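Participant: Here is the input, now give the coordinates:
(6 chains, ligands or ions: 3)
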Amino acid sequence: MDQLNLLWSNTGLNQMVPGQGLMLLVGMLLLYLAIVKKFEPLLLLPIGFGAILANIPGAGIAEGSGILHVFYVVGIESGAFPLIIFMGVGALTDFGPLLANPKTLLLGAAAQFGIFATLLGAIGLTALGIFDFSLKDAAAIGIIGGADGPTSIYVASKLAPDLLGAIAVASYSYMALVPLIQPPIMRALTTEKERLIEMVQLREVSQTEKIIFPIMLLMLVALLLPDAAPLLGMFAFGNLMKESGVVDRLSDTVQNSLINTVTIFLGLAVGSKLMADSFLQSETLGILVLGMIAFAIGTACGVIMAKTMNLFSKNKINPLIGSAGVSAVPMAARVSNKVGLESNPHNFLLMHAMGPNVAGVIGSAIAAGIMIQFLG
Amino acid sequence: MDQLNLLWSNTGLNQMVPGQGLMLLVGMLLLYLAIVKKFEPLLLLPIGFGAILANIPGAGIAEGSGILHVFYVVGIESGAFPLIIFMGVGALTDFGPLLANPKTLLLGAAAQFGIFATLLGAIGLTALGIFDFSLKDAAAIGIIGGADGPTSIYVASKLAPDLLGAIAVASYSYMALVPLIQPPIMRALTTEKERLIEMVQLREVSQTEKIIFPIMLLMLVALLLPDAAPLLGMFAFGNLMKESGVVDRLSDTVQNSLINTVTIFLGLAVGSKLMADSFLQSETLGILVLGMIAFAIGTACGVIMAKTMNLFSKNKINPLIGSAGVSAVPMAARVSNKVGLESNPHNFLLMHAMGPNVAGVIGSAIAAGIMIQFLG
Amino acid sequence: MDQLNLLWSNTGLNQMVPGQGLMLLVGMLLLYLAIVKKFEPLLLLPIGFGAILANIPGAGIAEGSGILHVFYVVGIESGAFPLIIFMGVGALTDFGPLLANPKTLLLGAAAQFGIFATLLGAIGLTALGIFDFSLKDAAAIGIIGGADGPTSIYVASKLAPDLLGAIAVASYSYMALVPLIQPPIMRALTTEKERLIEMVQLREVSQTEKIIFPIMLLMLVALLLPDAAPLLGMFAFGNLMKESGVVDRLSDTVQNSLINTVTIFLGLAVGSKLMADSFLQSETLGILVLGMIAFAIGTACGVIMAKTMNLFSKNKINPLIGSAGVSAVPMAARVSNKVGLESNPHNFLLMHAMGPNVAGVIGSAIAAGIMIQFLG
Amino acid sequence: MEQQTDLIAEAITLTLFGMGFVFLFLTLLVFVTKLMSVVIQKMNKQSSPKDDVHHSDNLSLKDEMDEEAKFVIEQAIKMHRGA
Amino acid sequence: MEQQTDLIAEAITLTLFGMGFVFLFLTLLVFVTKLMSVVIQKMNKQSSPKDDVHHSDNLSLKDEMDEEAKFVIEQAIKMHRGA
Amino acid sequence: MEQQTDLIAEAITLTLFGMGFVFLFLTLLVFVTKLMSVVIQKMNKQSSPKDDVHHSDNLSLKDEMDEEAKFVIEQAIKMHRGA
Ligand code: NA
Ligand code: NA
Ligand code: NA
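Facilitator: Ligands and ions are numbered 1, 2, ... in the order given. A predicted model of the protein is given here:
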């Protein structure tokens, strides 16, 4: 009889607290979004599954020597997983469009205002007594506006590990929602005439330029903002492996089995931070709302920056590519293209939008470096 | 002269104890089985080689900071390797036949009696004073009857790390011996008429069912037996990645480079537990004998269960597929098919046997969870 | 204003010491050699990039919890990376030519004199008061003459971790320079008549021999020099996986994604040892000079050994294949072939040179084992 | 001696509970799986009419393409023989 | 209260310095990138005469092959129509 | 001074023993390898007669299949020309 009691007392049914039940549903919601709605499935499927595993009552998979906690400590606390992903993203990035039209870097700069506006918002809500975010928390939340998953995770692991789960989920969810969030803002801020602007075709960029650029980028980071060097260093390294053309077998592995493997374990480890007691806080709701605002402001600032640049330049930029400055590669660039085609079905903005799109990656890594330097 | 003495005193020849010489031969025997006899070479080749490395006198490769010991601590003590392999097995598993005929799950249940019978046997031998197994030891030995390598290793690493080497070797060896162990038992327990039973063709299973099943399985585990959640969770995760169809690049990596890489290091690490002083014990002989018995009993119970089910059901099951319930995927299913073809060369049982075959994986993971819950 | 001061005080520009500036240039020089000159780019590109990252002022990427330092501790201090690379090299090695003509093993032995001559040289320079190398340092430097990157790194990590950066850079650089260093020495030590020697065609080697050889090699190591067992064990393991033909999926992964992944992280981790304060020492210059001498002496001894063997044997060896005994697989064998073709455009020595070439790998691993046994 | 009796008793208990639980779990899984399959098949049937139309559309498009391909191939064969 | 004013002040400072630095950095990157491109394009132009010859060789070879392909296709069309 | 003499002495000893051992080891490996090859080649020769029969069986089977393929192709060509 004792055995039966023990068996029953150890079941999940008996040990479950309401929060865990809710989080199991949240995990299944993430799986639904990933599988049925195809929202960033590469990340949200492992995160969702990790969330389910982490909230199985009595299993302790995300605590102590549980396997998800091991993945978290080894891969995220050390910074290794986000940095390796960044190397992979670098190896998948083509700086060609950016090099053909470098001034689109400024669009990537402007869109980072979403990050800082959100930081201000989070601190404002704290001042109003609605939430209780520290400056570190606020900075980590702001980075959601950078629309860059690994950067968000990296910064959160340094500044606000308790919020990492919510921040990562918000980051990837909103990246998936870019096609819904951005178009209304883009249409509201542009005139039909602006949306019709056709841009001059991009020149072809030589391999030499593509090889020098990542090294130059890293040197500038080294001289001006060393705290951004891990992120942008690995990014530049991945890109250099690809563009140099002399280590194709390494570059292939980085772009395939390595980034895939790390993505799986990163996702599971992030999911392990969705445990009921730390995720089911009013703060999480704040993070979700603030993250959405961050995306919207970033989008708007990118568009406005493009319009401002047109005031000073003969070579007009279609302001629809400004929204791509938030990064969310390559989704945001596709959105620019799609909204552009609505006005003129022959005006393909995709390649033009890739410039600000990858500039946005650089911009948020710089913003991340500043946050870490001031607060880390 | 001192140097020469030192050189000589450090040679393996000088330092070798008889046990190590014997273990080097055991390692070579495993290599022979793997390479010439093709017994589960993916595991037995690395295990055999690891055994050789571990028994090189004076090299200390499997101790302290020796590389095999590092692999063992990092990969097996943490539970990571068997769990990652289980994820890979999940990504390689097709639950279709099981979903088309769910009652074959019961065959997978019955075959687990091999596990518990062996546990009783081990305790019985202890009671008789022949061996000295604790209950934990007995449970870990019993799991050999589950015919599932990673499950055996996982349980042994939790309950009886000292016996891990012998248990893993027994587990993989007997899985390779399934085509020899099972047919006589199957023939002895069935009549020719039973062996001739033709089963109705399996319906096609929709993708939706295949996606829901792993989630449902995990939920059931979460509610009833959280201690089985790490094993079955990773298994379900791998399967969901495959069936969801939205993360094919992750699923491909899991099925190939990831599972291969982990298999190599798992094998070497298991081999490191074949050091002479811990392996050359009378217990090892007991484990080998008991493991064999576990397989035989599991096979028999699967067949008997199928015959019992036929007493209560119109839709007759060919009892030859019962033996596949021990798992040993896909070898046991092929054995069912082969023995069936002996009686009727047009009666293909392979797909029907895949149902109990994968059910056996679930069944032994459940049995493993119970062992860990009661004794871990 | 404080913020502005902080920002400035944290820039790399402000924190940079001259040594770091110089090392950034060294890093870029390595990238130049890798990308433009195609000097062993698989290693020198990651090493060069790692050197740049390690010398970014204030970033601390190669110290404490910096990611490159983590890679170093996890992968090199543990010995794992060089050993895994050695496994990969084993899986890429064909012992066929060696088995067809086993006496070429002696060429691989002779070429190791470069290692010991360099050790003597380093100690001599210390005796003269020019440098200050310990016996361990001298041994680690000598291994550069083995022309085998992972062996050099493995030995340096055991005997002289402070010199690891310089030793690894010298090792890979000179391996890339083999086509420049070796031919003058080869021509100087051979007569035209000797260079014209045509060798009898190699017999075909059976798969059985290829399977037994790595096991036999390991057994000999186990009996005579256990300290070489980790290196040669992993090497033999990789080779056995390839030749056995029963674990092709493991062998493929080892030869591709696994060796590529480890190469990337090994390179970055080695680069992290090129920090200004430890690299910019007069010792580094000594290492570079001694390493070059080691290569030259090894080459010469290989050629002389071949000529000596011709004095005692009817089956004449073309002494040009002696230089391949330094290893530097497959570059040194190609050099033998090329210099041979200069004298007789129909005399292809490539396959004949592959014998001493892989023998050189075994030879330096044996030499490494002796160093570790006497000094480790 | 007593200790060993205890050990045996424990082993027997573990076996009973263990096998019991394995059967309980897998029986439950049988029912839940069957239930799921029934529900999904019903849902699919409800939505299938639409699907069927869609399908047949696709098929007819494909058929057209096949017709075209057939025609081209026939013409090619004619040319080859006749010319 | 005072603490919160401090917090807000800090946040505003961080925003000002942060956005300022982001713009500074990326503006610098624009200039450096442009400079690099100009330098490299000039260097390429200097070395291009050699390259051009090489290129035009390649092109003419390619042109010939294209000519051949064109001819083959035209003949095929003629056959198809005429026969 | 004495320390350095010691160091040099040690280095020389290490060199002598080291090179000696390298040669010893690889010479042994030469002999063992040759021995292995001889043994394996002898064993292969003993078992080869059987293998040869087996082989020739296979070959003849393969030949038959080739014959068949040849016949089919010839018939096809005939059809193609004649028809
Ligand atoms: Na961004
Ligand atoms: Na099983
Ligand atoms: Na060598």
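
Participant: what residues does the stretch 101-250 of chain A put near chain E?
Facilitator: Residues of the stretch 101-250 of chain A lying near chain E by C-beta under 8 Å from any C-beta of the partner chain: A:102-103, A:105-106, A:108-110, A:112-113, A:115-117, A:119-120, A:123-124, A:126-127, A:135, A:138-139, A:205-206, A:208-209, A:212-213, A:216-217, A:220, A:224-225. C-betas here are computed from N, CA, C, even on glycine.

Participant: Among the residues you listed, which ones lie close to ligand 1?
Facilitator: Here nothing survives when those are matched to ligand 1 using C-beta under 5 Å from the ion.

Participant: Could you list the buried residues of the strand or helix carrying A:Leu285?
Facilitator: Under the criterion of DSSP states H and E, A:Leu285 resides in helix A:282-312. Neighbour-count burial for helix A:282-312 flags A:283-284, A:286-288, A:290-306, A:308-310 (criterion: 16 or more other C-beta atoms under 10 Å in any protein chain shown).

Participant: just stretch A:307-327 next, same as before
Facilitator: Quick answer for stretch A:307-327 (16+ other C-beta under 10 Å): A:308-310, A:317-327.

Participant: How about residues contacting whichever strand or helix holds A:Leu107?
Facilitator: A:Leu107 belongs to helix A:105-110 when assigned by DSSP H and E. Applying C-beta atoms under 8 Å, 6 or more residues apart in numbering or on different chains, the external contacts of helix A:105-110 come out as A:98, A:301-302, A:304-306, A:309, A:317, A:321-322, A:324-325, A:327, A:355-363, E:22-23, E:25-27, E:29-30, E:33.

Participant: and the next element down the chain from that helix?
Facilitator: Counting by DSSP H and E, the element after helix A:105-110 in chain order, helix or strand, is helix A:113-127.

Participant: That next one vs helix A:282-312, what angle?
Facilitator: Computed by axes from the mean of the first three to the mean of the last three C-alpha atoms, to 10 degrees, the angle separating helix A:113-127 from helix A:282-312 equals 140 degrees.

Participant: touching chain C at all, helix A:113-127?
Facilitator: No - applying C-beta under 8 Å from any C-beta, one finds helix A:113-127 out of contact with chain C, separated by at least 13.9 Å.

Participant: what's that helix packed up against?
Facilitator: In terms of contacts (3 or more C-beta pairs under 8 Å, 6 or more residues apart in numbering or on different chains; DSSP states H and E), helix A:113-127 is packed against helix A:135-142, helix A:282-312, helix A:350-375, helix E:2-82.

Participant: D:Phe17: which of the ones you listed is closest?
Facilitator: Proximity to D:Phe17, assessed across the helices and strands packed on helix A:113-127 by C-beta to C-beta, is greatest for helix A:282-312 (40.1 Å).

Participant: correct me, but A:Leu218 touches C:Ile52?
Facilitator: Yes - at 6.6 Å, A:Leu218 and C:Ile52 qualify as touching, with contact defined as C-beta atoms under 8 Å.

Participant: what do these two both touch?
Facilitator: Both A:Leu218 and C:Ile52 are in contact with A:Gly233, where contact means C-beta under 8 Å, 6+ apart.

Participant: Measure how buried A:Lys209 is and give me the count.
Facilitator: Actually, residue A:209 is Glu. It isn't Lys. 21 (other C-beta atoms under 10 Å in any protein chain shown).

Participant: try A:Trp8
Facilitator: For A:Trp8, the neighbour count with other C-beta under 10 Å is 11.

Participant: How about the one 3 residues further on?
Facilitator: Counted with other C-beta under 10 Å, the neighbours of A:Thr11 add up to 17.

Participant: Report the separation between whichever residue of the stretch 151-300 of chain A sits closest to chain F and A:Ser257.
Facilitator: Distances between the stretch 151-300 of chain A and chain F by C-beta to the nearest C-beta are smallest at A:Arg249, namely 31.9 Å. Distance of A:Arg249 to A:Ser257, given as C-beta to C-beta, to the nearest Å: 12 Å.

Participant: Looking at the two, which is more packed in?
Facilitator: Shown here are A:Arg249 and A:Ser257; by other C-beta under 10 Å, A:Ser257 has more neighbours (25 against 14).

Participant: ok, the more buried one touching B:Val254?
Facilitator: No - A:Ser257 lies out of contact with B:Val254 (C-beta under 8 Å); the separation is 9.9 Å.

Participant: what's the burial count for D:Gln3?
Facilitator: As a burial measure, D:Gln3 scores 8 neighbours (other C-beta under 10 Å).

Participant: What score does it have for pLDDT?
Facilitator: Looking at D:Gln3, its pLDDT is 70.

Participant: now A:Ile61
Facilitator: pLDDT, A:Ile61: 94.

Participant: what's around it, how many residues?
Facilitator: Using other C-beta under 10 Å: A:Ile61 sits among 28 other residues.

Participant: In three-state terms, label it for me.
Facilitator: At A:Ile61 the chain is in coil, as set by DSSP: H, G, I helix; E, B strand; the rest coil.

Participant: got the contact list for the residue in chain A that ligand 3 sits nearest to?
Facilitator: Of all residues in chain A, the one sitting closest to ligand 3 is A:Arg249 (23.2 Å; C-beta to the ion). A:Arg249 makes contact with C:42, C:256, C:260 under the criterion C-beta under 8 Å, 6+ apart.

Participant: quick one: which helix or strand includes it?
Facilitator: In this assignment (DSSP H and E), A:Arg249 forms part of helix A:248-253.

Participant: How far does the helix holding A:Leu107 sit from its chain's centre?
Facilitator: 16 Å (C-alpha atoms, centre = their mean, to the nearest Å).

Participant: before we move on, what about stretch A:230-249?
Facilitator: Offset of stretch A:230-249 from its chain centre (C-alpha atoms, centre = their mean): 20 Å.

Participant: same thing with stretch A:260-271?
Facilitator: Stretch A:260-271 has its C-alpha centroid displaced from the chain centroid by 15 Å (C-alpha atoms, centre = their mean).

Participant: near chain B at all, stretch A:25-32?
Facilitator: Yes - for stretch A:25-32 and chain B, the contact criterion (C-beta under 8 Å from any C-beta) is met by A:28, A:31.

Participant: who touches that stretch?
Facilitator: By C-beta under 8 Å, 6+ apart, stretch A:25-32 touches A:44-45, A:47-52, A:55, A:169, A:271, A:274, A:279, B:215, B:240.

Participant: hey, C-alpha coordinates of it in PDB?
Facilitator: The C-alpha trace of stretch A:25-32 is given here as PDB (Å, rounded to 0.1, in the frame of the first residue of the first chain):
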ATOM      1  CA  LEU A  25      -0.700  25.000 -22.200                       C
ATOM      2  CA  VAL A  26       1.700  27.900 -23.000                       C
ATOM      3  CA  GLY A  27       4.200  25.300 -24.300                       C
ATOM      4  CA  MET A  28       1.500  23.700 -26.400                       C
ATOM      5  CA  LEU A  29       0.500  27.200 -27.700                       C
ATOM      6  CA  LEU A  30       4.100  27.800 -28.800                       C
ATOM      7  CA  LEU A  31       4.100  24.400 -30.500                       C
ATOM      8  CA  TYR A  32       0.900  25.300 -32.200                       C
END
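
Participant: Leaving out the residues flanking it, which one is nearest to A:Asn10?
Facilitator: Nearest residue to A:Asn10 in three dimensions, chain neighbours excluded: B:Gln373, at 5.6 Å (C-beta to C-beta, 6 or more residues apart in numbering or on different chains).

Participant: who touches that neighbour in this structure?
Facilitator: With C-beta under 8 Å, 6+ apart, B:Gln373 has these contacts: A:6-7, A:10, B:225-227.

Participant: before we move on, back to that, okay, the helices and strands packed on helix A:113-127 in a markdown table with distance to B:Ile185 next?
Facilitator: Listed next are those as a markdown table, based on distance: least, C-beta to C-beta, whole Å:
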| stretch | distance to B:Ile185 |
| --- | --- |
| helix A:135-142 | 61 |
| helix A:282-312 | 57 |
| helix A:350-375 | 62 |
| helix E:2-82 | 68 |
